[in-house]
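1. Everything below, folded, please.
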Amino acid sequence: MSTAEDLEALELIYQALLKRWPETRLEPSLDRIAALCDALGSPERTYPAVHIAGTNGKTTTTRMIDALFSELGYRTGRFTSPHLESFLERISLKNEPISAAGMIATYNDIALYLDLIDSRQPHPISFFEAMTALAFVAFAEFPVDVAVIEAGMGGAWDATNVIPSQVSVITPIGLDHTEYLGDTLEEIAATKAGIIKPESHVVLAAQPVEVAKVLTAKVLEKSAIPYREGIEFSVAKRDIAVGGQLVAINGIHGIYTDIFIPLYGAHQASNAALALAAVEAFAGVQLDEELVRSAFANVTSPGRCEILYRDPTVIVDAAHNPHGAHALATTLSTEFDFESIFGVLAILGEKDVHGVLLELEPIIDRLVVTQNSSDRALPVDLLYAEAIKVFGADRVYKEVDLRTAITTAIEQCTLINQTSDGVSSVVVTGSVVTAGESRGILRKIAESRT
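-> Got it, this is the predicted structure:
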């Protein structure tokens, strides 16, 4: 239990980190993080690591890899980004967020080094670079048997890429962050491929042809060992089940059957196959099938097609680009039997808003547009205008804040369910920020109605 003093100290730490360059402001270079890690004694070199990059599915795949390692008896460290509700979520020790006391101690360990590197570099250490260093130090101090590290943006110059990983994992690649990564899939793939280390194991999700060519060329250049979805490993079978899905996976070293995954969507089955292949590649042998089943049965992925409220059903998903919105739309249309869906959408201004709306339009009957609290949020009036172009004026409504939008959608959905034989639901999406804030809002709504 965190004390009041711990919570106050955490808030001061968080505010100090926020004063640094935000995650959206980049000067693509490993110079600062390399200098910082060197000053800290290279903590990232004290444990083996699995490194994950890609456009979508990174966080879930990272959590699945962590769950498998934990079930196999490894002391794990997991680094993911961004966070949903607390920055402590980003650093996990043995499948649990770092404690308040642990974060305070770790920050105190590195604070002076942050200032030191700031004084020696042309640009200061960023928020993300500081968080990466905090993770590296926390994992060394714990200590961990293996670190599971999710890249932030990109790969080659991402702060996490100073880690000498034994296994690299690349999830599906699509168009996102084009202002930094490039306007084509090939350019984005080239940057993501930068995490591939010489003679390492490389686990690749199924990719568009142009992406696969770029990744394969990098694998050959680095003399790495590739494991490709659909060739060296695959989802052999997938059936929809109550509360998730039942899958069989052809792994690198064996076949695994009757695996229950309490997550929705075919993309989650592929994420599971990717995670399993990564751990197999790391271990070099077939894994115990019962341990694999146990690990996947308990895996969670907050904010990813997550049911957070009942009567009516409210689903929250962090889809923030067309690729993610497509996965959400496919999952809703194939794995749920809703008569109608109220959508609540709050998205960031730099995203492909039109592309996201096009993907959602076929499965959303009525859309409430709003905005989250981020200073990068697309203003509701602009989102409303864009949504009308895709949905038509008669299907779009606007609310100035996220809580009001969710409450309105729940009330309207409840009225329809009371007068209809079918079941309608609410789906909240558009951003990780939206998903995180929605979780808190829905928690308070549920508490107020108990």
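2. How about the contacts made by V292?
-> L68, E71, Y256, I259, L276 (CB atoms under 8 Å, 6 or more residues apart in numbering). Just so you know, the C-beta spots here come from the backbone N, C-alpha and C atoms, and that holds for glycine as well.
3. ranges for the strands of the stretch 1-150 of the chain?
-> 49-53, 76-79, 91-93, 96-97, 146-150 (DSSP state E, counting those that start in this stretch).
4. For D421, which of these is the nearest?
-> strand 96-97 (43.0 Å; CB to CB).
5. Identify the neighbouring strands of that closest one in the sheet and state each direction.
-> strand 91-93 (antiparallel) (DSSP bridges).
6. contacts for the partner strand?
-> 66, 75-80, 97-98, 102-103, 131, 134-135, 138-139, 142, 144.
7. make it 6 Å
-> G77, R78, I98, A135, A138, F142 (CB atoms under 6 Å, 6 or more residues apart in numbering).
8. I'd like the distance from that strand to the chain centre, please.
-> 15 Å (CA atoms, centre = their mean, to the nearest Å).
9. Just checking, which helix or strand of the protein averages the lowest pLDDT?
-> Here the helix or strand of the chain ranked lowest by mean pLDDT, DSSP states H and E is helix 178-181, holding a mean of 62.
10. Tell me the helix or strand right after that one.
-> Later in the chain than helix 178-181, the nearest helix or strand by DSSP states H and E is helix 185-192.
11. That next one to strand 49-53, inter-axis angle?
-> Angle, helix 185-192 to strand 49-53, by axes from the mean of the first three to the mean of the last three CA atoms, to 10 degrees: 160 degrees.
12. buried stuff in helix 185-192?
-> Neighbour-count burial for helix 185-192 flags L185, I188, A189, A190, T191, K192 (criterion: 16 or more other CB atoms under 10 Å).
13. again, but for stretch 102-114
-> Within stretch 102-114, the residues that qualify as buried are G102, M103, I104, T106, Y107, D109, I110, Y113, L114, counting by 16+ other CB under 10 Å.
14. now, which of the residues you listed sits nearest P172?
-> M103 (31.9 Å).
15. returning to that earlier point: just put the buried residues of stretch 102-114 in TSV and tack on distance to A319 and pLDDT.
-> Compiled in TSV, these are given as follows (distance: CB to CB, whole Å; pLDDT from 0 to 100):
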residue	distance to A319	pLDDT
G102	32	96
M103	29	97
I104	34	96
T106	32	98
Y107	32	98
D109	37	96
I110	34	97
Y113	37	97
L114	34	97
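16. quick one: which of these sit in helices?
-> When these are checked against helices (DSSP state H), the matches are G102, M103, I104, T106, Y107, D109, I110, Y113, L114.
17. Just to check, the fifth one is in contact with Y14?
-> No. In this structure, Y107 is not within contact of Y14 by CB atoms under 6 Å, at 9.6 Å.
18. you'd agree Q371 is in a strand?
-> No. Read with DSSP: H, G, I helix; E, B strand; the rest coil, Q371 is coil and lies in no strand.
19. Skipping adjacent residues, who's closest to it in space?
-> Using CB to CB, 6 or more residues apart in numbering and skipping residues adjacent in sequence, the residue nearest Q371 is A377, 4.2 Å away.
20. do R120 as well
-> Using CB to CB, 6+ apart and skipping the chain neighbours, the partner closest in space to R120 is A35 (6.8 Å).
21. is it true that that neighbour touches D118?
-> No. If you go by CB under 6 Å, A35 and D118 don't touch, sitting 10.3 Å apart.
22. any idea how far A105 lies from L263?
-> 34 Å (CB to CB, to the nearest Å).
23. oh, I was asking about A9
-> A9 sits 35 Å away from L263, taking CB to CB as the criterion.
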